[in-house]
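> With the sequence up front, the predicted model follows.
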Amino acid sequence: MPIYHTLGTIPAKRHTVFRKPDGKLYAEELVSTEGFSSLYSLVYHCHPPTIVKSLGEPYSVEPKIAREKHLRHTSLIGFNIKPEDDYLQSRKPVLVNSDLHISLAAPRKSMTDYFYKNSQADEVIFIHEGSGTLKTGFGKIRFEYGDYLVVPRGTIYQMEFDNEKNRLFIVESFSPIRTPKRYRNEYGQLMEHSPYCERDIKLPTDLETIDQYGDFKVLIKKQGLIYPYVYGTHPFDFVGWDGFHYPWAFSIHNFEPITGRLHQPPPVHQTFEGHNFVICSFVPRKYDYHPLSIPAPYNHSNVDSDEVLYYVDGDFMSRKSVVKGQITLHPGGIPHGPHPGTVEKSIGKESTDELAVMIDPFRPLMLTEDAVNIEDESYHKSWQENIE
């Protein structure tokens, strides 16, 4: 969960008179979650955020399901998703269920002609390749390779890229994205045993108040549709805000791994949580230090969850022929484990330089048409040895 933050100018008390230099009132807006019962921020605009000039026809961006039910270990070659100029058009959902959508994207161009708001999901945008600036009314966040951008639902934003080479791994969560509960004390502070702390979190900075009239297109996603709105004032007209509901970022390179004498289970890598799923970070770390330890993971059966791994960089010791941007899906109900030869090879190793993002969802994932188009259809046979 983010910490209290404030930027710009705000009045001393909530819901009180707050005037512009010309004597007119600023427009106060409460951005709240779970009604009035959870995280919120108070925003002060130059103009009311309700000035709609026109509405366009909504259009569907619902994922097209190709494989609803399946029980096969699956691999997707993520970098086979072709780059596209437009940010939203480049986003290709590949694995989906009722709790989250996982997408890949390779946008070439910055968002300049429109703004985007996801009103149905929090977004976690992992930056695999590229750098740039996330621009919002709350301020700006510079991003680079390895950053997780956490954009809470209802946030209007633009992605400004430094160049055309960008690869993104995106999770849309239909529940709030939070830091794991076991890392926080009763006041919400990250505790000493947490693998990261508040110092590691990137907060919005450089609040720029854009006080403009005009035609500002905002594409709003809700229930699988994009609704084209045209507002009469610039969405980034915040003069100030404070609260707990705002975009923030965390770098996978700042995740401090938890290690032990024997192989540690995946929960030690947990980074975020949503309803019915977790997001974990596998980072370079020292291996187990028991004299007889086996660093490679043991075979295991996920009886009530799928397992998704997105390979970012390095040599993943339990897999053969891994490439950057590859996704593996190991569905619940059948065992999986290290590839042949990797267990013996791992014995005696002192460290690993692997970098990956893992997602464990507790409802089965479905494959989309975009997923099967980049599938390695032989992956489920990759554990075979020379068997007569």
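Ah, there it is. Numbers count the residues shown, from 1 in each chain.
> Do you have the helices of the stretch 51-200 of the chain handy? List them.
Taking DSSP state H, counting those that start in this stretch as the test, the helices found in the stretch 51-200 of the chain are 87-90.
> what about Gly130, how many residues close to it?
If you count neighbours by other Cβ atoms under 10 Å, Gly130 ends up with 21. Just so you know, the C-beta spots here come from the backbone N, C-alpha and C atoms, and that holds for glycine as well.
> who are the neighbours in contact with the nearest residue to it once chain neighbours are set aside?
Leaving aside its sequence neighbours, Gly130 sits nearest to Asn166 (Cβ to Cβ, 6 or more residues apart in numbering; 3.4 Å). Asn166 sits next to 83, 105-108, 127, 129-130, 132 when contact means Cβ atoms under 8 Å, 6 or more residues apart in numbering.
> Ramachandran angles for Asn166?
Backbone geometry at Asn166, expressed as degrees, to the nearest 10, gives phi -140, psi 140.
> Does Met260 touch Tyr287 like I think?
Let me fix one detail, which is that residue 260 is Gly and not Met. No - in this structure Gly260 lies outside contact range of Tyr287 using Cβ atoms under 8 Å: 10.0 Å.
> If you count surrounding residues, which of the two has more?
Comparing Gly260 with Tyr287 by other Cβ under 10 Å, the one with more neighbours is Tyr287, at 19 against 13.
> Remind me which helix or strand the closest residue to that one other than its chain neighbours belongs to.
Nearest residue to Tyr287, sequence neighbours excluded (Cβ to Cβ, 6+ apart): Pro295, at 4.1 Å. Assigned by DSSP states H and E, Pro295 belongs to neither a helix nor a strand.
> For Pro295, grab the count of nearby residues.
There are 23 residues near Pro295, going by other Cβ under 10 Å.
> In terms of secondary structure, what does the helix or strand Tyr44 falls within contact?
Tyr44 is located in strand 40-45, with elements delineated by DSSP H and E. Contacts defined by 3 or more Cβ pairs under 8 Å, 6 or more residues apart in numbering; DSSP states H and E place strand 40-45 against strand 27-32, strand 238-243.
> That one vs strand 238-243, what angle?
Going by axes from the mean of the first three to the mean of the last three Cα atoms, to 10 degrees, strand 40-45 is angled at 170 degrees with respect to strand 238-243.
> quick one: strand 40-45 to strand 27-32, angle?
Computed by the same axes, to 10 degrees, the angle separating strand 40-45 from strand 27-32 equals 160 degrees.
> Not counting its neighbours along the chain, what's nearest Phe238?
Counting by Cβ to Cβ, 6+ apart, Phe238 lies nearest to Gly137, which is 4.2 Å off, once chain neighbours are set aside.
> thinking again about what came up before, name only those of the contacts of Asn166 that count as buried.
Among the contacts of Asn166, the ones that count as buried by 16 or more other Cβ atoms under 10 Å are 105-108, 127, 129-130, 132.
> Identify the farthest-apart pair in the residues you listed.
Arg108 and Ile127 (14.9 Å; Cβ to Cβ).
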